[in-house]
Each structure stands twice: as C-alpha cells, then as structure tokens.
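Novice: quick check, what structure comes out for this input:
(one chain, ligands or ions: 2)
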Amino acid sequence: EFNEFGVHGGPAAKALKPKFNVFSKTVTSHTGVQVPEFDIKYLVAAAVAFKGVGGILFTFDSSIGAYLLVLHQLIVTPILYDFYNYDTEKKEFGILFTKFTQNLALLGALFFFIGMKNSMPRRQHKKKAPKTKTFELKYDRASEIKAFDETKTGVKGLVDAGISEVPRIFHQPPDTVGENYVPSATQFSIPVIDLQGVKEDPSTHTEIVKQVLNASQEWGFFQIINHGIPLSVLEEMKVRVRRFYELDNELKKQFYTRDTSKKVVYNCNFDLHTAPAANWRDTVYFDMAPDPPKPEELPEPFRDMMVEYTDRMMNLGRLLFELISEALGLNPDHLVKIDCAKGLGHLCHYYPACPQPELTIGTSKHTDSCFLTVLLQDHIGGLQVLYENQWFDVPPVPEALVVNIGDLLQASPLISNDRLVSAEHRVLANSIGPRVSVASFFITYFNPNPRLYAPIKELLSEDNPPKYRETTVVEYMTHFQQKGLDGNSALLHFKI
Ligand SMILES: O=C(O)CCC(=O)C(=O)O
Ligand SMILES: [Fe+2]
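Specialist: Ligands and ions are numbered 1, 2, ... in the order given. Okay, the predicted model is just below:
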C-alpha cells in the first residue's frame, strides 16, 4: 500500500484517509484527546521514510534502523489494520485481525533485535581492548627501542628525566601482571632454612639436607639464614649497587654494552631488542669466576668489594651444592666435581620507581639459566615465585639470601632429570623505589668448557629414563640468550 506516493500520497493515502478518520474519532471518544487535523500525505510520507530508511539501515545491522521500523509499525499497524471497526462475523475482521497480529509479531522481533544489540556493545568493548594493543604494536617499536638503547642511561635515565608515563616499549600485554596472585599472608610461603650448625652437628646436617630436598623439589626456591655471610657485607653490597647506578652518566656509559663476552656488562634488558615487552630494570653483570676481571676493569664502587663478595659467595655455593648432592643421594662432592660451582657471575639489578607499575613489570616470568642462583634482595619486595600455578611473594628478610634451582640443575633437568624444580619467578614493578638486588648465578657462562651435561647416570633407571639430551653450557646459554625472556623455558629445546 505504501509504494506509490504521487502528489497526494497515492493509493495509500486514499485507503488511509477513512481509516484515519475512524481512528481519530475512536481515540477522541475514548480518551477525550483531540487528534490534530493534518494532510494524510504527510503521514504516508513519514511511514514510507521510516520503512525505507529503517529497512536499509536494518540490513546493515543498525539498531537505528530497527527503531525506525518500530516507529513505522506503531503508526501504521493500528490505523491500517483496524479490525476493531468491524463486526467479528465480517470477512474483513478476520483478514485485518490476522494482519494486525502478524505486524505485532514483527514488532516483537524488532524489540528482540534491539535488546540483543544493547547487550552486545558491552561484550564487544572488552574484546576491542586487545585491538588497541595490536594498534600499539604497529608503532615503530624497533626505532623507539634503538633510540632508547642509544641513550645508554637505561630506565634510570628515563626516570631521572622526569617522565610521568611508562613509554610504550615497556607495556606488558594485558593481564600479565595481575593473574593468579595470592597475597603473601597465606598458610604457604617459601621455606626458610636455618643453616646454623650445618657443618658441626651431624643430626642438624641431616635435617637440613632433608629440608633442602623438600624445598628444591616442591618450590625450587628457599631462603637461608645463618649462611655465614655477615649482614654488614650484604648491606654494603646493596649500597655499592645503588652507588654504581648513581654514578655520573658519562662514567656509567663506558660500561654500557651488548657484548656479552665482556667481564662487565651494563645495559637495560639483555633481550631488549627481541623481547615482546621491555622490563622496568637496568642491570650490570660481573663475570667473576673462574677468570675474574682485573680490579681496575671494575667500576669504582665495586673495586674493593667484588672480590670479597665473590669469595664469600663461592664458599656458600660449594656448601649448597654439597647439600643438594646429598639431597639427591649422590656423593657430597658430586656437583662441585662436575664444575657446577666453577663459574660465578653477579647480576646487579636496579628497578627504578615506576610511575605506572600496572602497565609494566620489573622482570618478566622466567627460570634461571644456570645451575643455582643465590639472590640478595633489599627491603622493597616484588619478587614472586610460581607455585602450583599461583604467584607467591618472596618476602624480604634482611639477613636472608634467596636460593633457587636453575635450569641446568633442574633440577634437575639436565642433572636431576626433573627431580628438582627450576621454578618460574618474576619481579613486579613498584611505584616505590629504587629496588636493588644481586643475583649470583653459578654457571660458567661463555668460558669454553667442553664438559657435556646430561641427566646424572646414578639417578636414571628404567622407570626414570633421561628426559634431556646432553649439552654443553655454551650451547645451552647461546640458545637462552637468543630466546630471551619470552615466557618459555630454555630447557624445552633440549627435551628428548
Ligand atoms: O631481582 C630479583 O629479585 C630477581 C632477579 C632474577 O630473577 C634474575 O636475575 O634472574
Ligand atoms: Fe631469576
């Protein structure tokens, strides 16, 4: 009825006019409201417009289109299909009533569509968030990283310059930071082992070996107290780390390099150019054993400190390897004999205060690429370990050192054939800072040590076949360095 318009509204206007008159009379007599007089062609024009424009928009999935069609239905249906003006016995009544109810059903369908559309935008909104990230990834990340690296002043340089927002290159993918976090005050926490009397008292020794085995198998992490390194040495070491980072930029820049064969390597993120997102952390690395640098090659704050710290750490490392050998049922000197305590490097980390800690991370989730790590951390906190798929805080204890099993011991992976755990851990960024830590890695990094490491034969059996192929430290480390902190274990590469 509404396809031809002509000058006066076409046949639709003709059909509508008497019906509209009846309609307006009925409305007036029932409600007392006077329906205003107007040329019926305008009503037809409006109905045609609503139907035409609404129909087109509707086919494009638009809710405006649906609203226009609803308006059309509301205007046209009660007037055009006026079954109420006919006797129930009349033929017209049946036809008009059927059409009226059909149009009512159509109206219902339109309302359903509008309801669906209103609930969808909320869902789509969340899905759209990663799209913003995809867009972010399209910026010229490589050039921004290059420019940042060329400043040679790291994250501390950005903070010193007064930035108030974390640059894009440091943005972590969404949801990496908040996932599966358990606040530290729960019934579980990483074990603290008191080493007092470990060398003097045989029953204490046996008890400690048991605790080391449990902690290394369960958590891959434990803290030690009464470990023999005086608190004053630990405190002084942290002071020296801060002092290094507070050196004049020109002095510090001399050590900024990506050449990992150097004995002193200062840079921001060893995997800056390959990692998906940069970490809010600077690091200076000292390769101290077996071939230490000359004292004059060390930055001034460490010159009279590094050798003492290394000696003390080597003694502690030998003790820990003995305890772990025993825990695995091996001769106490087994791990030392296969050179696990031969190489030692210290990673001195600096985590500047972060203006938007929720956008980035101090150190991405990773396992350590070494036999064993002994970590000195300050009072700020932020280190977390993954245990049973949940993140647990490793709370700072002033006199304690944190010990964790590395990939090459993994536990026992390469040596213990998966009996020990090289646990995943990470460091959160913090608005309070700087935080400093010293991670002492027992490993012969790039010393060409030809020794092949494989799961220890004594630990293998028919039920416990080797899970990793043999490899050298150099091969393992080369793979780790190329891979970077991408969230996957470097050990996967060596699985049989
Ligand atoms: O800074 C820390 O607490 C941990 C550092 C760390 O995990 C590492 O150097 O491998
Ligand atoms: Fe680590």
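
Novice: every contact and neighbour count from this point should use C-alpha atoms.
Specialist: Fine.

Novice: all helices of the stretch 51-200 of the chain, in order?
Specialist: 63-80, 91-137, 141-151, 154-160 (DSSP state H, counting those that start in this stretch).

Novice: which one of those lies closest to ligand 1?
Specialist: helix 154-160 (14.8 Å; CA to the nearest ligand atom).

Novice: sorry, back to before: which one of the helices of the stretch 51-200 of the chain has the lowest average pLDDT?
Specialist: With a mean of 70, helix 91-137 has the lowest mean pLDDT of these.

Novice: all strands of the chain, in order?
Specialist: 192-194, 221-225, 264-267, 282-289, 344-351, 361-366, 372-377, 383-387, 390-393, 401-405, 425-428, 435-442 (DSSP state E).

Novice: need the contact list for the closest residue to H8 other than its chain neighbours.
Specialist: Nearest in space to H8, with sequence neighbours left out and distances taken as CA to CA, 6 or more residues apart in numbering, is K41 at 5.5 Å. Counting by CA atoms under 8 Å, 6 or more residues apart in numbering, K41 touches 8-9, 13.

Novice: go on, V403?
Specialist: V403 touches 221-224, 372-375, counting by CA under 8 Å, 6+ apart.

Novice: for it, which non-adjacent residue is spatially closest?
Specialist: Leaving aside its sequence neighbours, V403 sits nearest to V374 (CA to CA, 6+ apart; 4.6 Å).

Novice: now for the one you found, how many residues are close by?
Specialist: 24 (other CA atoms under 10 Å).

Novice: residue ranges with poor pLDDT in the stretch 301-450 of the chain?
Specialist: Applying pLDDT under 70 to the stretch 301-450 of the chain flags residues 411-418, 445-448.

Novice: quick one: name the residues of it near ligand 1.
Specialist: Taking CA under 6 Å from any ligand atom as the criterion, the stretch 301-450 of the chain approaches ligand 1 at residues 349, 368, 377, 383, 437, 439.

Novice: so which of the residues you listed wins on neighbours?
Specialist: Among those, Q377 has the most neighbours (other CA under 10 Å), with 28 neighbours.

Novice: shouldn't it be in contact with P396?
Specialist: Yes - Q377 is within contact range of P396, at 6.7 Å (criterion: CA atoms under 8 Å).

Novice: I361 is in contact with Q172, correct?
Specialist: Yes - the criterion here is CA under 8 Å, and Q172 meets it with I361 at 7.1 Å.

Novice: the two: which has the busier surroundings?
Specialist: Higher neighbour count among Q172 and I361: I361, with 27 against 19, using other CA under 10 Å.

Novice: neighbour-wise, give me the winner out of the contacts of K41.
Specialist: Among these, the one with the most neighbours (other CA under 10 Å) is A13, at 24 neighbours.

Novice: so that residue touches A45, yeah?
Specialist: No - assessed by CA under 8 Å, A13 is found out of contact with A45, at 9.4 Å.

Novice: please work out how many residues are found near Y453.
Specialist: Neighbour count of Y453, defined by other CA under 10 Å: 18.

Novice: and what of V209?
Specialist: Using other CA under 10 Å: V209 sits among 23 other residues.

Novice: go on, the one 10 residues further on?
Specialist: Using other CA under 10 Å as the criterion, W219 is surrounded by 22 other residues.

Novice: quickly note the distance from the residue lying closest to it once chain neighbours are set aside to ligand 1.
Specialist: Of all residues not flanking W219 in the chain, Y387 sits nearest, at 6.3 Å (CA to CA, 6+ apart). Per CA to the nearest ligand atom, to the nearest Å, Y387 is found 15 Å from ligand 1.

Novice: quick check, Y387 in contact with F221.
Specialist: No - the criterion here is CA under 8 Å, and Y387 misses it with F221 at 9.6 Å.

Novice: the two: which has the busier surroundings?
Specialist: Taking neighbours as other CA under 10 Å, Y387 and F221 compare with F221 leading, 28 against 18.

Novice: ok so, going back, so which of the contacts of K41 are in helices?
Specialist: Among the contacts of K41, DSSP state H puts A13 in helices.

Novice: for S489, state which of the contacts of K41 is nearest.
Specialist: G9 (76.2 Å; CA to CA).

Novice: state the pLDDT value of that closest one.
Specialist: Looking at G9, its pLDDT is 75.

Novice: nearest residue to it in space, please, no chain neighbours.
Specialist: Once flanking residues are discounted, G9 sits nearest to K41: 4.4 Å by CA to CA, 6+ apart.

Novice: and that neighbour, how far is that from ligand 1?
Specialist: 79 Å.

Novice: count of neighbours near E300?
Specialist: Per other CA under 10 Å, the neighbour tally for E300 reads 15.

Novice: how about the nearest residue to it, chain neighbours excluded?
Specialist: That would be F244: by CA to CA, 6+ apart, it lies 7.8 Å from E300.

Novice: report the contact partners of that neighbour.
Specialist: F244 makes contacts with 252, 299-302, as judged by CA under 8 Å, 6+ apart.

Novice: closest residue of the stretch 101-250 of the chain to ligand 1?
Specialist: For the stretch 101-250 of the chain, CA to the nearest ligand atom, closest residue to ligand 1: F221, 11.3 Å.

Novice: the closest residue to that residue other than its chain neighbours pairs with what?
Specialist: Spatial nearest neighbour of F221, chain neighbours left out: N404 (4.4 Å); criterion: CA to CA, 6+ apart. When bridges are called by DSSP bridges, N404 pairs up with F221, T373.

Novice: pretty sure N404 is in contact with T373, am I right?
Specialist: Yes - under the criterion of CA under 8 Å, N404 makes contact with T373 at 5.2 Å.

Novice: these two: which is more packed in?
Specialist: Neighbour totals were compared for N404 and T373, and N404 leads with 28 against 25 (other CA under 10 Å).

Novice: that one: what's it in contact with?
Specialist: N404 touches 216, 220-222, 372-374, 422-423, counting by CA under 8 Å, 6+ apart.

Novice: how about the nearest residue to I56 once chain neighbours are set aside, what does it touch?
Specialist: Spatially, and ignoring its direct neighbours in sequence, I56 is nearest to G65 (7.1 Å; CA to CA, 6+ apart). For G65, the contacting residues are 53-58, by CA under 8 Å, 6+ apart.
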